[in-house]
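Enquirer: following is a predicted model, sequence given first.
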Amino acid sequence: MLASKYKQFGGVHAQSAGIQHLLAYAGVRDPISQQAFSEAALFVISGGIGNGYSFCPSLPRSGKSGGVTIIASHRSYSFDGSHEADTLKRLGVKALMSESSSANAAQNKLLGAIEQGNPAYVWCSPNLDFHGSSFTDACTGGFYAVVVHAIDQDSQKAEVSGLAKTSMETSLARLAAARADVCTYKNRAMVLSGSASPSATKTKQAYLSGLRAGILEQQKPKMRTFSLEGLEMLSARIANPKSKQGWPVVYPGGKLFWALRDIFTSVVSSADSGLLRPLFADGLEQAAKATGRKTLMGCAEEYRALGRQWKALAEASLPSKIPAFADAKRLLKSRNKAHIRGSKGLQQYATCVRELHRQELSLLKKFPLSPSESMDLLQALRPRIDSLHAAEQQALDNLAKAVK
């Protein structure tokens with residue numbers, strides 16, 4: 001069963017890309033460009049960027065990973081579907097959302113949608129498996145989103161679109177397991193129930209509503225760590241040997257590699273190297289044209305510069321002068337490129353994952369920095385974080401004035 005003529009693939013941000021795929025397939029058009037809505041436009045309409053520092057202490061304690069995430073997008077803590085629903089509501093596009101405690105019932109609903117020619121946006125865990133590789137973006141906030149556009153019941157396979165430039169194949173069993181593995185909200189799927197394109201006025205309002213929601217969430221966050229205050233927490237902890245959550249305490253010896261790598265992978269994802277600031281800047285330029293608010297063009301330049309500043313922090317977190325760190329960045333970037341290539345990059349992706357795991361084990365046993373050198377590195381990162389915090393605050397203040 002195949003959603004006819006489906007050819008929507010690739011993207012930067014899993015949620016915005018998935019919504020873009022659905023709208024483009026349904027023929028929903030941007031009244032300004034008379035083309036399909038771009039992912040950048042939908043990213044802005046969804047609320048855009050976020051800020052903050054998420055830390056899961058159980059992960060380093062259990063010896064699994066660093067548990068650090070630098071927050072990139074608006075409401076990335078939200079798994080309940082409201083983020084996607086709000087995006088579509090702003091555009092006046094209707095959708096049906098379903099959820100089930102039964103994997104079989106959920107699969108039957110998915111089959112029914114595909115039978116009717118409706119690709120389905122589904123929530124799943126980041127370990128969705130493709131041909132033996134967990135082929136999802138490194139920075140997902142605990143879940144992932146893909147669009148299921150074809151199902152073959154004879155072979156028990158599904159075809160999905162995501163951030164890769166090609167369709168990806170997975171088994172129905174693996175898809176079901178990944179869908180059931182999303183925290184409290186299991187087996188959720190969304191299909192469009194309408195395909196009317198919004199008016200120019202509605203689109204203008206959608207841009208402004210999305211931006212205002214994103215600004216408000218940063219000014220009055222529901223979670224302190226998912227805000228600019230979270231960056232202040234990171235600055236206070238990163239080189240603090242006296243705090244229980246200070247990095248010198250949480251990440252002794254080779255475990256520090258986990259946290260440094262987490263900074264890098266938070267900022268540098270498969271199709272973005274600046275914590276989604278470049279994508280946001282592209283969307284702000286489109287918002288400026290749609291709304292007539294030329295000051296948004298200046299905001300776009302600010303966020304483009306912030307993207308470069310975040311990329312510099314990511315590079316500094318794993319200094320290239322240290323051979324093992326340079327090799328880690330090479331492998332991470334190669335993995336990202338393989339991800340974008342989709343099915344053609346599966347072998348390269350799997351090779352990078354194996355090499356990264358081997359390198360991680362090696363660095364845990366023999367870290368290339370002494371304790372004093374590790375402290376020097378952390379102390380050098382702190383002013384970069386402080387500078388980013390100040391620049392993000394200034395950019396937010398200017399954005400708030402532009403859409404007031």
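Expert: On my side now, so go ahead.

Enquirer: helix or strand next in line after the helix or strand harbouring residue 145, which one?
Expert: Following DSSP states H and E, one finds residue 145 within strand 144-152. Note on strand 144-152: by DSSP H and E, the next helix or strand toward the C-terminus is strand 157-161.

Enquirer: what does the helix or strand following that following strand contact?
Expert: Following the chain from strand 157-161 toward its C-terminal end, the next helix or strand by DSSP H and E is strand 168-171. By CB atoms under 8 Å, 6 or more residues apart in numbering, the list of residues contacting strand 168-171 from outside reads 128-131, 135, 146, 156-162, 342-343. (Glycine included, C-beta is placed from N, CA and C.)

Enquirer: strand partners of strand 168-171, parallel vs antiparallel please.
Expert: Paired strands of strand 168-171, with direction, are strand 157-161 (antiparallel) (DSSP bridges).

Enquirer: for the contacts of strand 168-171, which PyMOL command selects only the ones that are buried?
Expert: Only the buried members of the contacts of strand 168-171 end up in this PyMOL selection, burial being decided by 16 or more other CB atoms under 10 Å:
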select buried, resi 128+129+130+135+146+157+158+159+160+161+162+342
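
Enquirer: of the contacts of strand 168-171, which pair is most distant in space?
Expert: In terms of CB to CB, the contacts of strand 168-171 reach their longest pairwise distance at 156 and 342, which sit 21.0 Å apart.

Enquirer: how about residue 315, what does it touch?
Expert: Contacts of residue 315 (CB under 8 Å, 6+ apart): 264, 329.

Enquirer: and it, how far from residue 263?
Expert: As defined by CB to CB, to the nearest Å, residue 315 lies at a distance of 10 Å from residue 263.

Enquirer: wait, which of the contacts of strand 168-171 is closest to residue 117?
Expert: Using CB to CB as the measure, the one of these that approaches residue 117 most closely is residue 159, at 14.1 Å.

Enquirer: pLDDT wise, what is the closest residue to that closest one other than its chain neighbours at?
Expert: Distance criterion CB to CB, 6 or more residues apart in numbering; nearest residue to residue 159, sequence neighbours excluded, is residue 150 at 3.8 Å. pLDDT for residue 150: 94.

Enquirer: please name the bridge partners of residue 150.
Expert: Beta bridges link residue 150 to residue 2, residue 159, judged by DSSP bridges.

Enquirer: that one against residue 5, yeah?
Expert: No. Distance between residue 150 and residue 5: 11.4 Å, which falls outside the contact criterion (CB atoms under 8 Å).

Enquirer: common neighbours of those two, please.
Expert: Applying CB under 8 Å, 6+ apart, one finds that no residue jointly contacts residue 150 and residue 5.

Enquirer: more neighbours: the two, which one.
Expert: The residue with more neighbours, out of residue 150 and residue 5 and counting by other CB atoms under 10 Å, is residue 150; that gives 18 against 7.

Enquirer: any idea how far that one lies from residue 169?
Expert: As for residue 150, its distance to residue 169 is 9 Å (criterion: CB to CB).

Enquirer: now the common contact residues for the two.
Expert: With contacts defined as CB under 8 Å, 6+ apart, the residues adjacent to both residue 150 and residue 169 are 158-159.

Enquirer: which parts of the stretch 51-200 of the chain are strands?
Expert: For the stretch 51-200 of the chain, applying DSSP state E, counting those that start in this stretch gives strands covering 53-55, 68-70, 95-98, 120-124, 129-130, 133-134, 144-152, 157-161, 168-171, 189-192.

Enquirer: could you check the angle the longest one makes with strand 120-124?
Expert: Pointing back at strand 144-152 there. Our comparison of strand 144-152 with strand 120-124, counting by axes from the mean of the first three to the mean of the last three CA atoms, to 10 degrees, yields an angle of 130 degrees.
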